[in-house]
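**Q** fold the following.
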Amino acid sequence: MSNYVFLIDANKKPMNPIHPAHARKLMEAGKAAVFRRYPFTLIMNRVVENIVTYPLTLKIDPGSKTTGISLVSNRDEVIWGMELEHRGQQIKDSLLTRQAVRRGRRQRNTRYRQARFLNRRRPKGWLAPSLLHRVLTTETWVKRLIRFAPIAEIRQELVRFDTQQMENPEISGAEYQQGTLAGYEVREYLLEKWGRKCTYCLKENVPLQVEHILARAKGGTDRVSNLCLACEKCNIKKGTKDIRDFLKGKPDLVSRILKQASSPLKDTAAVNATRWKLFETLSRTGLVVTTGTGGQTKYNRTRLGLPKTHWLDAACVGVTETLYLLTQKILQVKATGHGTRRLCRMDKFGFPCSKPRQSYKTPWKTGDIARTLDGVVGRVVVQNEKRIEVRVNGKRCYCKPDQVKPMHRKDGYSYAEICTEF
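**A** Sure, this is the predicted structure:
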């Protein structure tokens, strides 16, 4: 089952998404043509008067690395899904590289210049570029989907991870967390951190228990850095043993567990920092924006027996009695950016290590998606004005610019359609 196909009329007004079989019939009859490949959209060859549409709900499950998006009809039918992979870490690494290069240059050329780190003021609501990127990419796709589908409402999961409670369970005033969702934040965080499998035997799809790496009988605490997940067999077998004694003969596994346990709450902080900014951004679209809790999403997914995926988490956001999945093939989108402004590559010391980049007078750009005369569809890499390269699955096909047909122009994202089986 594939995603439903978006449909717009000749005036680019959104109509009801249609089944792929219906879309195929419209194209074979010459009544519609491909308007956009990602997301796949058809445009009618005529203007449709008095368009009658059923309202769709756009559901969003924000994440630090991947955001899930689903479209649900008024009959609780999930007709379209996608997973948007952010590049916040790449942006941070690029900024750190630029910072190192600038500092090196200033140290060499303006060594005695007065420091300027105290004469700048950030505006109210400022977010770091790596965090703001998560909000802006989500906003971009929300606006795109509004242009292609009759969306009447947006639902966002407004999850909050209490990092203070994770780091210090004895913090005063924690009674506000006691309720039907008490303990959800820590447990859900551990599931994400340890990959939903036993830390010791790496078994998946088994009931997991919260395990203390250093047993409480030996002075261990309830801090999240001392918690992991274990199956019942491993939990009983370990008991109060030291992890090095329990995993004797497996030094690599012990080192990995201790390193992963002490990893920072970076992803958690990113979700906390961007959740209200995303809500304010979505509110500016003019649509009704409602929120749901993380515990509510998990309860719906567990009750309906759905697997843990980002797009299905999005479909379970908010009050949901039942869901009918009409698609299993979803769109996977990865933010790649529009390239770099550097004239050439630089080494770690800030010195150029490649030739200056060249620009060619050709309608093609590196990153376009094209189809060759042999029917091969792949990513375009411009070699020069008379030669381009189409890459797909590690293979390279060299062609002349007039021997390929454009399928999708570069827009800062890479696309793939994946089938989720469950």
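**Q** check which residues of stretch 201-213 are buried.
**A** 208, 211-213 (16 or more other C-beta atoms under 10 Å). Just so you know, the C-beta spots here come from the backbone N, C-alpha and C atoms, and that holds for glycine as well.
**Q** oops, could you answer that again for stretch 273-282 instead?
**A** 273-275, 277-279, 281-282.
**Q** that older thread, which one of the buried residues of stretch 201-213 sits closest to residue 5?
**A** residue 208 (39.6 Å; C-beta to C-beta).
**Q** can you tell me the closest non-neighbouring residue to the closest one?
**A** Distance criterion C-beta to C-beta, 6 or more residues apart in numbering; nearest residue to residue 208, sequence neighbours excluded, is residue 229 at 4.3 Å.
**Q** which secondary structure elements does the helix or strand where the one you found lies contact?
**A** Taking DSSP states H and E as the definition, residue 229 sits inside strand 227-231. In terms of contacts (3 or more C-beta pairs under 8 Å, 6 or more residues apart in numbering; DSSP states H and E), strand 227-231 is packed against helix 184-193, strand 208-212, helix 251-261.
**Q** could I get those in JSON lines, plus columns for distance to residue 114 and mean pLDDT?
**A** Putting the helices and strands packed on strand 227-231 into JSON lines (distance: least, C-beta to C-beta, whole Å; pLDDT from 0 to 100) gives the following:
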{"stretch": "helix 184-193", "distance to residue 114": "44", "mean pLDDT": "75"}
{"stretch": "strand 208-212", "distance to residue 114": "52", "mean pLDDT": "90"}
{"stretch": "helix 251-261", "distance to residue 114": "41", "mean pLDDT": "87"}
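**Q** out of the ones you listed, nearest to residue 327?
**A** Of all these, helix 184-193 comes closest under C-beta to C-beta, at 24.8 Å.
**Q** alpha carbons of that closest one, in PDB - could you do that?
**A** Only the C-alpha atoms of helix 184-193 are listed here, as PDB (Å, rounded to 0.1, in the frame of the first residue of the first chain):
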ATOM      1  CA  TYR A 184       6.700   8.200  31.500                       C
ATOM      2  CA  GLU A 185       9.400  10.700  30.800                       C
ATOM      3  CA  VAL A 186      12.300   8.700  32.300                       C
ATOM      4  CA  ARG A 187      11.100   5.400  30.900                       C
ATOM      5  CA  GLU A 188      10.500   6.700  27.400                       C
ATOM      6  CA  TYR A 189      13.900   8.400  27.500                       C
ATOM      7  CA  LEU A 190      15.600   5.100  28.400                       C
ATOM      8  CA  LEU A 191      13.800   3.300  25.600                       C
ATOM      9  CA  GLU A 192      15.100   5.800  23.100                       C
ATOM     10  CA  LYS A 193      18.600   5.900  24.600                       C
END
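**Q** for it, name the packing helices and strands.
**A** Counting by 3+ C-beta pairs under 8 Å, 6+ apart, helix 184-193 packs on helix 163-167, strand 208-212, strand 227-231, helix 294-304.
**Q** helix or strand right after the third one?
**A** The first helix or strand that comes after strand 227-231 along the chain, using DSSP H and E, is helix 232-238.
**Q** quick check: buried residues in that following helix?
**A** 234-235, 238.
**Q** what is the nearest of the residues you listed to residue 76?
**A** residue 235 (38.4 Å).
**Q** for this structure, what spans make up the helices?
**A** 20-28, 88-109, 129-148, 163-167, 184-193, 232-238, 243-246, 251-261, 266-283, 294-304, 310-315 (DSSP state H).
**Q** domain map for the chain?
**A** Recorded structural domains for the chain (assignment: automatic domain parsing) are 1-51, 54-105+127-163+265-335, 184-249.
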